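In: coords please:
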Amino acid sequence: MEKRKIIIWSGLALFCITTFGFVINKDAHSVINQKYSEKLDFKGFEKKTAFEFIYKVDTRFSKTITKEQIDAALSVEDVIPREEVKKVGSYLKIHLTTFVEDRLDWIQVSCEGALFNKEQIQMLQSMDYSSSFSITGKVKKLDTQTSTMIEDTLIYYMTVVPYKPAAYMEGSDALIHYIKTQSREAAAIVDEKIIRPGKISFMITKEGGIGRAKLTSTSGDIPLDIRMLEVVKNIPGKWDIARNERGENVDQELVLFFGLIGC
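Out: Numbers count the residues shown, from 1 in each chain. You can find the predicted model right below:
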């Protein structure tokens, strides 16, 4: 009888150990699968990050105006796009603001109506290539639904560009391919929780070289910022140099936008 009890208890113990071990192994396997599935999709390929990592080389603001145009500008309508001018019935208070990357206090001068005052004209004419500014304020537009004039907001951010902008000789696709390839490892390990719109400004000099490359807005990932700055400083190949209306070579600043989409 005692021998039979021992056999029964031994069997129960073995069953418990086996079951417990199975549960542990199952849980461990589940954890491993969970961590593995975070990196791999059902085909076994690495998943893309939840955000789209962008690369873009452009002027500071997408809307541009040549230095020759702002030197001759006497009113708001000489600066803003023609399609916007057609919509506006009258201009109320208009603000001209210049942007300087390294300053917190932007310079703003206002006027009543469409015509720039003397101070605003001087401000525009003092801008160099790659300067950035905004035209903002209140205007009256025709509401097509009610056929009445309504008050609306005018907002335009612009960058001053040469008459003939600088261009990468091998094409913009080749330039972005180089930047992506050279920064792939740094971009692959960024923390999605901290990534922000990063910006690096750099000058295409009138001699055709790259100068004054600097980080103007961090991506939130310092190693990525450092790598991107190195990549920009070492862009290979030649540039079609920017020229003014007289055909003279001039410097032009460009900006590498990377990380998240931003302004």
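
In: point out where the stretch 101-250 of the chain drops to low pLDDT.
Out: Low-confidence segments of the stretch 101-250 of the chain (pLDDT under 70): 101-105.

In: can you map out the helices along it?
Out: Assigned by DSSP state H, counting those that start in this stretch, the helices in the stretch 101-250 of the chain fall at 118-125, 172-188, 222-233.

In: off-centre distance for the longest one?
Out: In other words, helix 172-188. The gap between where helix 172-188 is centred and where its chain is centred comes out at 15 Å by C-alpha atoms, centre = their mean, to the nearest Å.

In: next, the buried residues of that helix.
Out: Across helix 172-188, burial judged by 16 or more other C-beta atoms under 10 Å covers 175-176, 178-179, 182-183, 186-187. C-beta coordinates here come from the backbone N, C-alpha and C atoms, glycine included.

In: quick revisit: so can I have a markdown table of the helices of the stretch 101-250 of the chain showing distance to Gly198?
Out: Output for the helices of the stretch 101-250 of the chain, formatted as a markdown table (distance: least, C-beta to C-beta, whole Å):
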| stretch | distance to Gly198 |
| --- | --- |
| helix 118-125 | 30 |
| helix 172-188 | 11 |
| helix 222-233 | 6 |
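
In: now the top strand by length along the chain against helix 118-125, angle please.
Out: Identified as the longest strand of the chain according to DSSP state E is strand 148-161. Counting by axes from the mean of the first three to the mean of the last three C-alpha atoms, to 10 degrees, strand 148-161 lies at 40 degrees to helix 118-125.

In: strand partners of strand 148-161, parallel vs antiparallel please.
Out: Sheet pairing here is set by DSSP bridges, and for strand 148-161 it gives strand 63-66 (parallel), strand 132-143 (antiparallel).

In: which one, of the helices of the stretch 101-250 of the chain, ends up nearest to Met149?
Out: helix 118-125 (24.9 Å; C-beta to C-beta).

In: now do the contacts for Ile142.
Out: Just to correct that, residue 142 is Leu rather than Ile. 87, 89, 148-150 (C-beta atoms under 8 Å, 6 or more residues apart in numbering).
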